[in-house]
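>>> Sharing a sequence plus its predicted fold:
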Amino acid sequence: MAMTRLARWAARSPAPVFAAIGPGRQAETERLLARPGLRRAATPRDAAILLVAGDLPGDTAEALSHVHDQLPHPRATLRWQADAPDAIAARIETAWRDICAGERDEDDHLPDEPPNAWKGIGPHGQGGKGMMGGTPYGRPMAMTGTDIRDGLRLDRYTARFGPFLPMLPPGLVLQVTLQGDVICDLDVQAPPLAQAADADAPDLCAARMLRLLGLDRAAHRVMHGQSARALWLRGAVPKRIGRIDGTSARDRLIAWLAGDTVSVAPPDLPALLHGAEWAEAMLILASLPPSALIRAARGVEAA
Amino acid sequence: MTDLMIALLTAFAVWTGWRVFRVDSMVRASFALMLSFVAVGAIGVLLSAPYIGVATVFMMAVEMMVMAIFMVMFMMNPAGLNPMVMVHQHRLSIGAGIVAFIGLSAAVLLSPLPSNPVAADTDVVAQLGHELLGPSMLIFETAGVTLLATMVGAVILSSRQGRFGSADEGSRPPGLTEGGDPAGRQPEGGGGHGHHHHEGH
Amino acid sequence: MTALLTLAVLATLLGGTLFAVALDRAYLPLLALFTRQRVETEAPDRLNRDLAPAWYLALAAIGIAVVPFAPDLALIDSPVGIVIWGSCEALIVLTVFLHGWSPNAPFPLIGAYRYAAIGLPVMLPSMFVLIAAALPAESLSLVAIVDSQREVWNVIRQPLGLPLFMVVALAMTLRGPMDYADAADIATGTSAEDSGAGRAVWQIARLAMLVSVSAIAATVFLGGPLGPVLPGPVWLWLKTGALMALTVWIGNRVARTTPSRMLTILWVVLLPLSFLHLLISGLIAL
């Protein structure tokens, strides 16, 4: 009996949604997730509903399966094609109620087994020959390497990020080599998916940056047409980052908060992000209107 | 009751100290070491040395955190994926361990321990403060300033940005003969000046 | 008396945490988390994963246990009360680090070392501010610090103290401008791999720590249980609640800058400022 009461309370909470955004659906999806009955989950682990908006390209299928399997049970996948926002919001809320009542769940898409066997080969049970670097158990490990800042040889950690990370533009896949927080190498492996002009709307662009600044409520207010009402907004964005044709990330945030649309020339992403820290890089990416990002990545692909 | 607590804390300190050498990652090892020190700090509190006891916990927590940061900097190895062995140079360490144990045991057993109970309402923290900033001030301040100077010096020496430009550029020793090759080891690879010059001979 | 005080500490922790959940409007989402599965990452450090939230909660409880509920009544009436709280702060940084280190995943690890790098310089102003508060009391005991505020509260006598300590409070509760562990740019950082009850317990521990750090601030700067008419504990609760609301408000309103910029601010601005604060407080106390 207690469990059902807990389930009833749970069903009344906002439905936690993780969105995989397809081409042309960014603006709609971001506005949908700002509705009162829904909650934008920052990680699949915090979500119960995987919302697949639009037609995802075939090469993202595996990534989508990985995200799907990262959602804790019970979970549901909803495909959003032509529904009106009201209709999909109602479908999400129904699915969340069913999940809470234990009437809906989905199995894993991929087999839940380690990609390589956990079998040590070294003399002390470790996976590789040495204590650092190499690929113990088939898993690449960080290894010290030259540093781009001060010559201190720290560990370089390489990983692929994207295409559905909420702080990256939808579709963008980056292979990043990090030394601590510093990006020392960056490769654009997949461009952001094409978005319509409505993704450049000032309130959406400002909200993306506000969320990175830890101001979820201000982002919410901005998306509902109110002022951000936040302190130290401009000061928090470092002055020098994200400079493209005379405007910096901070200038663009100010323009968006004032309700102006910003257009910038397509930037050279690797050059812009190389040497930046992870937090700065995410701010820089959010400070670029989606249209500029898409053209930038297309340019790299063509070259 | 206090005796029992001290016995338990001692056992915990020894067990966590032993774990330092048995766990398979450096982060686990440093935190096991910290737990060992926390137990020692708690014994200090039970022995009516509250400031020293609590300060031990505080210092060790900060210290082990700094150690863990350095480990992640140089070995980004989350959750100890690649197991490591925490024991090296077995013979030397066994020998050093035995010598240290005998020495410390001898010190405990042979030195005359004072038996001079203080009254329960003695203000031990204030007394410690008066001692540290009174008769022992010179010793502690000297040690403190020396440590600070060492830290500042280490940072300055290891910094790449120097007063006269980048530390790893142009800093070549003078030649052994007038106008001769710079003394010391030639930098290998990189196609620097030294290499070409060498070929010229 | 000890039993009564233990009860008071636990009641404060529980009631305060419930209040903190209300301030964050997180009742239903937290309840919903308990219905969700707890997913295990590949090769996690299980011991530390389970211990991290427990330590966070325990440190919050220790923080409240050193707070006097009446002018001369604390559960842990130690002559070195503020040093105990200082140790708690150091151990909080460690706990958050372990929370990020244990799931064996990139974002939690980034959150973990980032927080450790921010947490260490945050502790220095915290120590100077607390020592400054100990100067007029001529004691490290929180009971004596409360006693020294009978005529004028430290928030007036040492005006820089509370603002500097609010920075510490935000950092210790992973909130708003000082939340470098669970930030949005790393997908909630150390919590990125938490789900279900594990995620809920970490959030609850974080809110419990808000009660603890606010109670310490209320004791050190607002005279703790001192006040007219109402009994001591009620004054402590009122002041703690007000500081909790202030912390939540700042956390929701102030933007978070990048970690390297915050490090510069901490070392170059806040540390000298806290030195100055200590110097002025010392001169006044003379």
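Done, it's in.
>>> which residues touch residue A:112?
Listed by Cβ atoms under 8 Å, 6 or more residues apart in numbering or on different chains, the contact partners of residue A:112 are residue A:69. C-betas here are computed from N, CA, C, even on glycine.
>>> Name the SS class of residue A:77, please.
Here residue A:77 is recorded as strand under DSSP: H, G, I helix; E, B strand; the rest coil.
>>> make that residue A:158, sorry
Per three-state DSSP, residue A:158 ends up strand.
>>> State the distance from residue B:10 to residue A:226.
From residue B:10 across to residue A:226, the span is 62 Å (Cβ to Cβ, to the nearest Å).
>>> And residue A:71, how close does it get to residue A:10?
Relative to residue A:10, residue A:71 is positioned 16 Å away (Cβ to Cβ).
>>> and those two? which has more neighbours close in?
A direct count of neighbours by other Cβ atoms under 10 Å in any protein chain shown for residue A:71 and residue A:10 places residue A:71 higher, at 27 against 23.
>>> To what extent is residue B:113 buried, counted in neighbours?
Number of residues near residue B:113 (other Cβ under 10 Å) recorded here: 7.
>>> what does residue C:121 give?
The number of residues packed near residue C:121 is 18, by other Cβ under 10 Å.
>>> just checking, what packs against the host helix or strand of it?
Assigned by DSSP states H and E, residue C:121 falls within helix C:106-137. If contacts are counted by 3 or more Cβ pairs under 8 Å, 6 or more residues apart in numbering or on different chains; DSSP states H and E, helix C:106-137 sits against helix B:50-74, helix C:81-101, helix C:142-147, helix C:154-157, helix C:161-172, helix C:196-221, helix C:259-264, helix C:271-285.
>>> how much does that helix deviate in direction from helix C:81-101?
Using axes from the mean of the first three to the mean of the last three Cα atoms, to 10 degrees, the inter-axis angle of helix C:106-137 relative to helix C:81-101 is 180 degrees.
>>> For helix C:106-137, the averaged confidence score.
Across helix C:106-137, pLDDT averages out at 89.
>>> repeat for stretch C:77-88
Mean pLDDT, stretch C:77-88: 88.
>>> Contacts for that stretch, please.
Stretch C:77-88 is touched from outside by B:50-51, B:54-55, B:57-58, B:61, B:123-125, C:59, C:62-63, C:66, C:68, C:74, C:76, C:123, C:126-127, C:130-131, C:133-134, C:139-143, C:145, C:212, C:216, C:220, with contacts defined as Cβ under 8 Å, 6+ apart.
>>> Just give the nearest non-adjacent residue to the residue nearest the centre of chain B, would you?
Centrality entry for chain B: nearest residue to the mean C-alpha point is residue B:63, 7.9 Å, by Cα atoms, centre = their mean. Take residue B:63 and drop its neighbours on the chain: the residue closest to it by Cβ to Cβ, 6 or more residues apart in numbering or on different chains is residue B:34, 7.8 Å away.
>>> quick one: the residue nearest to the centre of chain B from residue C:216, how far?
Residue B:63 sits 23 Å away from residue C:216, taking Cβ to Cβ as the criterion.
>>> could you say what helices and strands the host helix or strand of the residue nearest to residue B:63 packs with?
Assigned by DSSP H and E, residue B:34 falls within helix B:26-46. In this structure, helix B:26-46 packs against helix B:2-22, helix B:50-74, helix C:81-101, with contacts taken as 3+ Cβ pairs under 8 Å, 6+ apart.
>>> quick one: low-confidence parts of the stretch 151-300 of chain A?
Within the stretch 151-300 of chain A, the ranges that satisfy pLDDT under 70 run A:151, A:299-300.
>>> what about 80?
Residues of the stretch 151-300 of chain A meeting the criterion pLDDT under 80: A:151-155, A:157, A:162, A:180, A:245-246, A:265-266, A:296-300.
>>> can you check chain B too?
Confidence mapping of chain B against pLDDT under 80 gives the ranges B:22-27, B:68-89, B:117-121, B:157-201.
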